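*Asks:* next come a sequence and a model predicted from it.
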Amino acid sequence: MILGSTRISRGALLCSLHLGFCLLAVITLGADAQKAGKLTQNPCGAKDKCHTCIQTESCAWCMQPDFKGQSRCFQHTSNVCPEEFVWNPDTSEQILLNKNLTLAGTASAAGIGMGAGGYGAGGAGYGAGAAGYGGAGYGISGGSSSSYHSSSSSSSSMSSSFGSEYSAGWSSSEIVQIKPQSVKLKLRINQKHDLKVSYTQAEGYPVDLYYLMDLSKSMEDDKEKLSALGDKLSETMKSITSNFRLGFGSFVDKVLMPYVSTIPKKLEHPCDNCKAPYGYRNHMPLNNNTESFSNEVKDAAVSGNLDAPEGGFDAIMQAIACRQQVGWREQARRLLVFSTDAGFHYAGDGKLGGVIAPNDGECHLNPQGMYTHSTVQDYPSISQINQKVKENAINIIFAVTRNQISVYEKLVGHIQGSSAAVLSNDSSNVVDLVKEEYAKISSSVEMKDNATGDVKITYFSSCLGGGPELQTSKCDNLTVGQQVSFTAQIQVLKCPEDPRDWNQYIQIYPVGINESMLIHLEMLCACPCEQPGSTGYEKHSRHCNNFGTFMCGICDCDEHHFGNSCECSVSDMNSTINNDASCRADNTTTTDCSGRGNCVCGSCECFKRTSPDEVVSGKLCECDNFSCERNKNQLCSGPDNGICDCGRCICKPGWTGTSCACKASNDTCMPPGGGEICSGHGTCECGVCKCTVNDQGRYSGRHCEKCPTCSGRCQELKDCVQCQMYHTGVLKNVDDCARNCTAFTPVGVDKVVIDEHKDEQMCTFFDEDDCKFMFKYSEQGDLIVHAQEEKECPPKVFMLGIVLGVIAAIVLVGLAILLLWKLLTTIHDRREFARFEKERMNAKWDTGENPIYKQATSTFKNPMYAGK
């Protein structure tokens, strides 16, 4: 086997001499390698170093010094190497800390101290790829510890240095909601390992609730209502957990145009009964004094701003980042209730006010609790908020008015562990809102992790169903004391380029809970035999002619030598050119060893195939035993027919052809009863008859004995079969039939079926009554005829009935049409008559008088006449 470094050194030398030839050779070898990669099914054979071998799934490395096999990297299912020389590391799991889950009823008695250090999900203290622990506050000591090892040839015990990294800090009264707490894994690349994780919600788990309120003028009535409901909020939460603390903070916006008015008068009193605006203020750190909460809310003054969005993101960032000032406890469920009736500014909006410095995510509160960098740094981005939420295991509840709920519901999808609910216009439902949202948060658990892109973790669980596990990282409808289990399927996708990243610390944690399971992951990416000081590691080894390092059973040559045993030197340039020429067929080619081998010291070393049965051979690697013609996917039609020699099939006796698929004799083309080859109607090719076509028709059959399109004797036998079986036809007269039909007597059968083994021919005819009759005959020996007993005649048709039926149908259709016409005309006439009667009744004059008639006399009265 030629080492990778050997090839590189030799390639560099050739490139310095023949740049054009080098490029052509590299392209040719690359194309051959691609083709080989597509054809091979064994991924191990192409690996020439131990570490690249074990990074391939199911591959093992043979370290045997005098190994004579095809490839040192092989699939471990094959026995090509003695077991004592095989390096095949397996996945192993060791549980370092496995404290029991806290039972229901015991958590309330646990003493929980307040502190700002310690670990959070994904927070300071662990970095993926770190060589050890960083940060402060995560110390583990005591408790039960168990371990598990899968069968492994390479698993080793944990070093004492790892165990010493755990220090005192866990007390007997500590609440434990996730199990196990610490695990060490050794994983090979692309191997999936299942790790069981259990979670239970402890009863009386501490709760820290920080109420962050928008105190712009539009929220004035909400402030008054929250002040009145402070005691009720505290009582409600204490009914859920006795260990409850409450805090309060408020925000308005950056004191810059165009967010607030910068007119001096407006800066002091932006609106009626308003105080000066500010960015964020921590009024009350988390504590148990609910009366103080109500007073702080009542005393907090409202302010005003110009634009609709508020500076809530500044306030959220400070409330999370300032852990000591706000008073977040290490072991507690942390709730941040964000109350507003407006939208929010985010990263980039600060440029409108001339603020270009990005938000650094750090705490910037003065002793009075005021945010000092409001006008110095831009608003944080949504991803920054999400990162801080994950680092500090905080659940944000967005309590917003109905007109803003759609915006915040979309925001919830980008911030882990957050939720949104509708707040009434005066915040009168804030107590019920907090209670309902807390119930939703505490009744579900979702597993997350901080694995890097080189590691894939998939979660499976049956939750509370008890059935088969399904792919999910979230379970709902949990109650206090109920235990749910997850299976974390861990898979290392690839080895990082930096060996320092082969050891990583990964956390698996429930969202919103400041507890996690720490996994010390060791990726099995290297072989111990490649490290100085290991067994068999020898510099300037005699196995390498003192010109290389012997490790893992192979030679790693220095830059001046190459070859399997570093036997070739690159110092003599002229000899190298001569050596190259001896590895080529003629002066017209620049390809060494036909492109299927390496030129080593003037002779070709042919590439080894992944299959041990396939061999490249020849002085110039021009021959092989696997590229001959195939028949039925077998090389040279199989080992019984021939063998492949230098790309050509060498047939065994009795076989011929380019693929040895043809029999040398014509015995298979002879009819069973004897006679001519292929019955005289074809030629014998490769032991198979190729039938011909003539004027009579096309012949077929194994021996060209059949001719379905040929007339045969069917016409000759037709009249006799017809008269003898059915007493019809031209010979239906008994005397004529007896006189002319003496050669055979047909045998009657129910159905005529051809028997191919008897060389029978089928005949079909129609007689004068249009009836079909069928018969068959065979001439093997005497003429034998079998005829169908009953003719197949079409059913008789009653023509008179059909004619009468058609006439009757025509008459009935005509009558129906006449009746329909009469009905339609009657209806039409009646409608016309009714219209006429209606018009006549509506006439303004009587038809009995003449409207232009006037009487012959006229009477006039004298108005002056007095009646005398």
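*Replies:* Nice, thanks for sending it over.
*Asks:* check contacts around A276.
*Replies:* Contact analysis of A276 by C-beta atoms under 8 Å, 6 or more residues apart in numbering lists 255, 267-270, 303. Every residue, glycine included, has its C-beta placed from N, CA and C.
*Asks:* any idea which of those residues is closest to L336?
*Replies:* Of all the contacts of A276, S303 has the smallest distance to L336: 21.2 Å, by C-beta to C-beta.
*Asks:* the closest residue in space to C50 that isn't next to it in sequence: how many residues sit nearby?
*Replies:* Once flanking residues are discounted, C50 sits nearest to C527: 3.8 Å by C-beta to C-beta, 6 or more residues apart in numbering. Under the neighbour criterion other C-beta atoms under 10 Å, C527 is assigned a count of 22.
*Asks:* again, but for G597
*Replies:* Neighbours of G597 (other C-beta under 10 Å): 22.
*Asks:* phi and psi next, for it.
*Replies:* G597 has phi and psi values of phi -170, psi 180 when expressed as degrees, to the nearest 10.
*Asks:* any idea how far it is from S603?
*Replies:* 9 Å (C-beta to C-beta, to the nearest Å).
*Asks:* re earlier: what's the closest of the contacts of A276 to G45?
*Replies:* Nearest to G45 among the contacts of A276 is V255, at 71.1 Å by C-beta to C-beta.
*Asks:* what's opposite R281 in the beta bridge?
*Replies:* R281 has these beta-bridge partners by DSSP bridges: S250, M370.
*Asks:* ok now the helix ranked longest in the chain, how far from the chain's centre?
*Replies:* Assignment by DSSP state H gives helix 799-841 as the longest helix of the chain. Distance of helix 799-841 from the chain centroid (C-alpha atoms, centre = their mean, to the nearest Å) equals 72 Å.
*Asks:* again with stretch 796-804
*Replies:* Distance, stretch centre to chain centre, for stretch 796-804: 71 Å (C-alpha atoms, centre = their mean).
*Asks:* shift numbering so it begins at 20
*Replies:* Noted, 20 is the first residue going forward, which turns the last one into stretch 815-823.
*Asks:* what sits up against it?
*Replies:* Counting by C-beta under 8 Å, 6+ apart, no residue sits against stretch 815-823.
*Asks:* hey, where'd the helices end up in the stretch 670-819 of the chain?
*Replies:* 733-745, 753-759, 818-860 (DSSP state H, counting those that start in this stretch).
*Asks:* where does the stretch 120-269 of the chain have low pLDDT?
*Replies:* By pLDDT under 70, the low-scoring segments of the stretch 120-269 of the chain are 122-192.
*Asks:* quick one: end-to-end length of stretch 284-294, please.
*Replies:* Its start and end residues considered, stretch 284-294 measures 11 Å (C-alpha to C-alpha, to the nearest Å).
*Asks:* and stretch 539-552, by the same measure?
*Replies:* From its first residue to its last, stretch 539-552 covers 26 Å (C-alpha to C-alpha).
*Asks:* output the lowest mean pLDDT helix or strand found in the protein.
*Replies:* The weakest-scoring helix or strand in the chain, judged by mean pLDDT, DSSP states H and E, is helix 179-182 (a mean of 34).
*Asks:* which stretches of the stretch 670-819 of the chain have low pLDDT?
*Replies:* The stretch 670-819 of the chain contains residues with pLDDT under 70 at 692, 715, 727-731, 775, 800.
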